[in-house]
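[1] Sharing a model that was predicted from the sequence below.
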Protein chains: 2
Amino acid sequence: MNLKEPILTKAILLFAEKGFAGLSMRQLAKEIGISVATIYHHFPDKQSLYQEAVLFAFSDKEQIFTELWDRPSSAEQKLSDFIRITTEFLVQDRDFHRLIQREILDANPERMRLLAQTVFKKQFEFLLLLSAELAPGRDTHLTAISIVSLVKHQLEMLPLRRHLFGWKPEHEAPEVITEHVTGLLLMGPKG
Amino acid sequence: MNLKEPILTKAILLFAEKGFAGLSMRQLAKEIGISVATIYHHFPDKQSLYQEAVLFAFSDKEQIFTELWDRPSSAEQKLSDFIRITTEFLVQDRDFHRLIQREILDANPERMRLLAQTVFKKQFEFLLLLSAELAPGRDTHLTAISIVSLVKHQLEMLPLRRHLFGWKPEHEAPEVITEHVTGLLLMGPKG
DNA sequence: GTCTATATGGCGATAGAC
DNA sequence: GTCTATCGCCATATAGAC
């Protein structure tokens, strides 16, 4: 049987958890239950495996949102849906989220460009249109990033937040986060 | 001369850049211009060096905000000042920011607890008071986190944002980010 | 396409001289 | 307190049998 896809699948999981330098080829092979040489049959070196794994992880993720933008709903409703879908997705696919975090932290310009132009381009352009409609007086780029920030960073901060004052278990629920972020964005602080 | 502090200083820089697994003791020694054995004279092992470096990096950071909370200004002004100070600080001390990101990504529960209770405790409690005053109807914990998110994540996304539609060089300026985030929070999307 | 065996080098850590 | 020299191990990567 061809082991290329199983290798990529396990690699995504373990690279997300340990980072590039933190995962050895031996560990990866052991986890899959194959030999190191088999990995090297499918990938020329560790770096290539990593890059292919990242692309593989991102390959099917674009579709999740496509249906959303076509709905004949109001801008407010679309924002609310976008926040909910993104939150649920990031909560459900933690490995993917950790991989994004690591990639952005690494900040390799070429890989950033690739990511921006292949995976996020379309979603971000829809988000820009939405920002222009919802916050006409504001810089749309900064507003769109702010929307993403509120969703993504709420989740990224969880390990730390758990130890900060006022935290409650329900703050980890996707629907609670969604409601808070949506309300803050649509109605402002006083709403 | 005692090399403990120079070791810690360089370690902060390189751990922030490469991560724990990505930096070897040999590389670190070479960068400082000393031998590996000298590092091991001051620190029992790599893990201890890392943890001490992280604590050292955070040790003097708490003071930056203390003066702010004592000022006799309005809640709106305090929020604006907090956002500005935080943005400028994170832009200026990128190594520190990257170290925070790595620590949160690692998510070691014990280290998270330590970080929350030593470095962020006081600032976060002031931020909670501010959130309660500015957004009385909302969950103060979530609001406070949202404020942090808007500042911190705007900067973390920079490597990716540069390749997304609508980005302009001025979006990297602390004062532009500050103004956007402050406006969004205080006046909502329509403001 | 997968394996066992191995080459080569860098790794964390230590011994012992100065 | 700092060094040179070295141990034993694990890393990436390859050779060659099946």
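    Sure, I can see it.

[2] Close to DNA strand D: what parts of chain A are there?
    Counting by CB under 7 Å from any atom of the strand, the residues of chain A lying close to DNA strand D are A:Leu23, A:Ser24, A:Met25, A:Arg26, A:Gln27, A:Val36, A:Ala37, A:Tyr40, A:Pro44, A:Asp45, A:Lys46, A:Gln47. (C-beta placed from N, C-alpha, C; glycine too.)

[3] Those residues: which ones sit near DNA strand C?
    A:Val36, A:Ala37.

[4] hmm, which two among the residues of chain A next to DNA strand D are most spread apart?
    Pairwise distances across these peak at 19.2 Å for A:Gln27 and A:Pro44 (criterion: CB to CB).

[5] List the buried residues for the lowest-mean-pLDDT helix or strand in chain A?
    Least confident helix or strand of chain A, by mean pLDDT, DSSP states H and E, is helix A:63-70 with a mean of 86. By 16 or more other CB atoms under 10 Å in any protein chain shown, the buried positions in helix A:63-70 come out as A:Phe65, A:Leu68, A:Trp69.

[6] Quick check: nearest residue in space to the last one, chain neighbours excluded?
    Same thing as A:Trp69. In space, and not counting its chain neighbours, A:Trp69 is closest to A:Phe126: 4.6 Å by CB to CB, 6 or more residues apart in numbering or on different chains.

[7] Next, find the distance separating A:Glu17 from B:Lys168.
    Using CB to CB, to the nearest Å, A:Glu17 is found at 36 Å from B:Lys168.

[8] thinking again about what came up before, quick one: list the elements packing against the least confident helix or strand of chain A.
    helix A:75-92, helix A:121-134 (3 or more CB pairs under 8 Å, 6 or more residues apart in numbering or on different chains; DSSP states H and E).

[9] closest to A:Glu172 out of those?
    Checking the helices and strands packed on helix A:63-70 against A:Glu172 by CB to CB gives helix A:75-92 as the closest, at 8.3 Å.

[10] And the contacts of the closest one?
    Contact with helix A:75-92 is made by A:64-65, A:68-69, A:71, A:73, A:96-97, A:127, A:130, A:133-134, A:147-148, A:150-152, A:154-155, A:174-175, A:177-178, A:181-182, A:185-186, as judged by CB atoms under 8 Å, 6 or more residues apart in numbering or on different chains.

[11] one more time with 6 Å
    A:64, A:68, A:97, A:130, A:133-134, A:151, A:155, A:174, A:177-178, A:181-182, A:186 (CB atoms under 6 Å, 6 or more residues apart in numbering or on different chains).

[12] Same question for stretch A:44-64.
    A:Leu8, A:Ala11, A:Ile12, A:Phe15, A:Phe20, A:Phe43, A:Phe89, A:Phe96, A:Leu99, A:Val119.

[13] ok, and the most crowded of the residues you listed?
    The most neighbours of any of the contacts of stretch A:44-64, using other CB atoms under 10 Å in any protein chain shown, belong to A:Ala11, which has 25 neighbours.

[14] what sits against it?
    A:Ala53.

[15] Can you give me the distance of it to chain B?
    16 Å (CB to the nearest CB, to the nearest Å).

[16] between the buried residues of helix A:63-70, which is nearest DNA strand D?
    Using CB to the nearest atom of the strand, A:Phe65 comes nearest to DNA strand D of those, at 34.7 Å.

[17] Just want the residue of chain A that's nearest chain B.
    A:Gly188 (2.5 Å; CB to the nearest CB).

[18] Ramachandran angles for the closest residue to that residue other than its chain neighbours?
    What sits nearest to A:Gly188 in space, not counting adjacent residues and going by CB to CB, 6+ apart, is B:Gly188, at 2.5 Å. With angles defined as degrees, to the nearest 10, B:Gly188 sits at phi 80, psi -180.

[19] least confident pick among the contacts of stretch A:44-64?
    Confidence by pLDDT is poorest for A:Val119 among the contacts of stretch A:44-64, given 87.

[20] What is the burial count for the closest residue to it other than its chain neighbours?
    Excluding the flanking residues, the one nearest A:Val119 by CB to CB, 6+ apart is A:Phe58, at 4.7 Å. By the criterion of other CB under 10 Å, A:Phe58 has 19 neighbours.

[21] and what of A:Glu76?
    16.

[22] quick one: it and A:Gln27, what's the gap?
    A:Glu76 sits 48 Å away from A:Gln27, going by CB to CB.

[23] Could you do A:Arg111 as well?
    Look at A:Arg111 and A:Gln27: by CB to CB, they are 23 Å apart.

[24] The two: which is more packed in?
    Shown here are A:Arg111 and A:Gln27; by other CB under 10 Å, A:Arg111 has more neighbours (17 against 13).

[25] That one: helix or strand, and which one exactly?
    If you go by DSSP states H and E, A:Arg111 is part of helix A:109-115.

[26] Can you give me the buried ones in that helix?
    So, applying 16+ other CB under 10 Å, buried residues of helix A:109-115: A:Arg111, A:Met112, A:Leu114, A:Leu115.

[27] could I get those as JSON lines with pLDDT?
    Putting those into JSON lines (pLDDT from 0 to 100) gives the following:
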{"residue": "A:Arg111", "pLDDT": "90"}
{"residue": "A:Met112", "pLDDT": "95"}
{"residue": "A:Leu114", "pLDDT": "91"}
{"residue": "A:Leu115", "pLDDT": "91"}
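
[28] For burial, what's the neighbour tally of the residue nearest to A:Trp69?
    For A:Phe126, the neighbour count with other CB under 10 Å is 17.
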